[in-house]
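Q: I need the structure of the sequence given here:
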Amino acid sequence: MTPLRFAALGDSLTAGLGDPLPGGEWRGWAALLARGLAADPQGALLLNCSRSGALTADVAGEQLTEALSHRPHLASVVVGANDTLRGSFDIEAVAHRLDSVFGALRAQGAELLTACLPDPGRMLGLPWPLARPLGRRMRALNHVVHALSDHYGAVHLHTAHHPWVLDRASWSADKLHPSELGHRLLAREFHTLLATAGLVGGEPPSVTPDGPGPGRAASAYWMATRGTRWVWDRCTDLLPDLLRLAVTECRHQASGTVTALELGAHRATVRAIASLDLSTYDRLEAA
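A: The predicted model follows:
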C-alpha cells in the first residue's frame, strides 16, 4: 500500500516548539497528526519543512521546493506570524507569496491544510498602543489566509477564536508557542476537520499530555535563558517600526480617529486580496 505523504510547511509553530521530546528534539502537532492520517500509524510519511523564525518568503522559497520534491498527498501551510512582527510587513507581498505556495501545492495535487492564528499582542498581554497595531496586522493576515483557503479548497482551521486558545495550559512558557497540550489540541482539531472531509483513516491524536504543563518556574527559566535573546532579536528589527505605530495609535486615540486606522488596514487588506483576483474578494469587500 502506498504511504500517505504529508509535508508540513511553516515556522516554529509547525516545527513543534513548546512540545519537547526527552532527547531534546521538538515533536509538535504535525508529528502527532501524522500518526492518525492512516489506519496504520506508520502509514504516513511526514516531511517537516518548517523552520523556527521562518517568514512567508522562506516558505515560498526553499520550503516549497523541499515540499514539492516530497510530492505530498497532504500539505499544511501555517505561516505569517513572524511577518507581522517585522517592520517590513507588507500584506500584499505576504498575500502573493502565500498564493504562490498554495497554488504550487494544489497544482501538484496536494490537499491543503491551513489555519488562521491568534493575535500575538493579546497572547503576550501587551499594552494597547502596541497590541492594536499587531492585532490589525494579524487580522489582515487571517483575512488573506481565509480568502486563499476558500479559493483553493483547503481544509481550514479557525484557530484564532477557538476556546482552548484562551486556556493558559495550552501555551508554553513563552506564551507564543503551544504547550504539549496545545499541540495535541491543534492536532486533534486538524484531524477532526480532515476526517469530516474524508481525508484520514486513522485514530485521532490523544489530548492527554505525557507530562505536566509549564508553571511559573518554567516561565521564569525561559525568560532568563532564551526569552531575553528573543526580545532583543525582535527589538532590533521590530522596535523602531512598532514605536512609530504606537505613537500613531496614541495620536489617533487622543483625537478620536482610531476608526481611520481600522479603515486603512481593512482597505489595504482588500487591495491585497483584490490583486490576487480571487472570487472571495467580493465577500470581504461587503463585510
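
Q: quick check, Ala8 in a helix?
A: No. Counting by DSSP: H, G, I helix; E, B strand; the rest coil, Ala8 is not found in a helix; it is strand.

Q: What about Ser206, how many residues nearby?
A: Residues contacting Ser206 under the criterion other Cβ atoms under 10 Å number 13. Placement of C-beta: from N, CA and C, glycine included.

Q: how far away is it from Asn82?
A: 30 Å (Cβ to Cβ, to the nearest Å).

Q: Now the helix or strand that His143 is a member of: average pLDDT?
A: Applying DSSP states H and E as the criterion places His143 in helix 128-152. The average pLDDT within helix 128-152 is 93.

Q: Could you give me the buried positions within that helix?
A: 129-152 (16 or more other Cβ atoms under 10 Å).

Q: other SSEs contacting it?
A: When contacts are defined as 3 or more Cβ pairs under 8 Å, 6 or more residues apart in numbering; DSSP states H and E, helix 128-152 packs onto helix 81-84, helix 91-107, strand 111-116, helix 120-124, strand 155-158, helix 228-255, helix 258-274, helix 281-286.

Q: between that helix and helix 91-107, how many degrees?
A: Going by axes from the mean of the first three to the mean of the last three Cα atoms, to 10 degrees, helix 128-152 is angled at 30 degrees with respect to helix 91-107.

Q: Quick one: distance of helix 128-152 to the chain centre.
A: Centroid separation for helix 128-152 versus its chain: 11 Å, with Cα atoms, centre = their mean, to the nearest Å.

Q: Backbone dihedrals for Leu46, both of them.
A: Main-chain dihedrals, Leu46, degrees, to the nearest 10: phi -90, psi 130.

Q: What about it, how many residues nearby?
A: 20.

Q: Identify the bridge partners of it.
A: Counting by DSSP bridges, Leu46 forms beta bridges with Phe6.

Q: can you pull the pLDDT of it?
A: Reported pLDDT for Leu46: 97.

Q: which regions of the stretch 151-287 of the chain sit below the pLDDT cut-off?
A: 173-175, 211-239, 279-287 (pLDDT under 70).

Q: Between the two ends of stretch 36-47, how far is it?
A: Start and end residues of stretch 36-47 are separated by 15 Å (Cα to Cα, to the nearest Å).

Q: which parts of that stretch are buried?
A: Burial within stretch 36-47, assessed by neighbour count using 16+ other Cβ under 10 Å, is assigned to 36-38, 43-47.

Q: Ala268 touches Ala140, doesn't it?
A: Yes. Shown here, Ala268 and Ala140 form a contact pair, counting by Cβ atoms under 8 Å, at 6.8 Å.

Q: overlap in contacts of the two?
A: Between them, Ala268 and Ala140 share these contacting residues under Cβ atoms under 8 Å, 6 or more residues apart in numbering: Ile91.

Q: Setting aside sequence neighbours, what's the nearest residue to Ala8?
A: Nearest non-adjacent residue to Ala8, counting by Cβ to Cβ, 6 or more residues apart in numbering: Ala30, 4.0 Å away.

Q: List just the nearest of the buried residues of stretch 36-47 to Thr56.
A: Leu47 (19.2 Å; Cβ to Cβ).

Q: So in terms of bridging, what pairs with Gly10?
A: The residues that Gly10 bridges to, once DSSP bridges is applied, are Val78.

Q: What distance do you get for it to Ala246?
A: Using Cβ to Cβ, we find Gly10 at a distance of 28 Å from Ala246.

Q: And those two? Which one has more around it.
A: Gly10 (27 against 19).

Q: His143 contacts Leu276, doesn't it?
A: No. His143 lies out of contact with Leu276 (Cβ under 8 Å); the separation is 11.8 Å.

Q: Would you mind measuring from Ala154 to Glu262?
A: Note on Ala154: its distance to Glu262, by Cβ to Cβ, is 27 Å.

Q: out of those two, which sits in the busier spot?
A: Using other Cβ under 10 Å, the more surrounded residue of Ala154 and Glu262 is Ala154, with 23 against 14.

Q: Spit out the contact partners of the more buried one.
A: 102, 111-114, 148.

Q: mind running it again at 6 Å?
A: Ala154 is in contact with 112, 114, counting by Cβ atoms under 6 Å, 6 or more residues apart in numbering.
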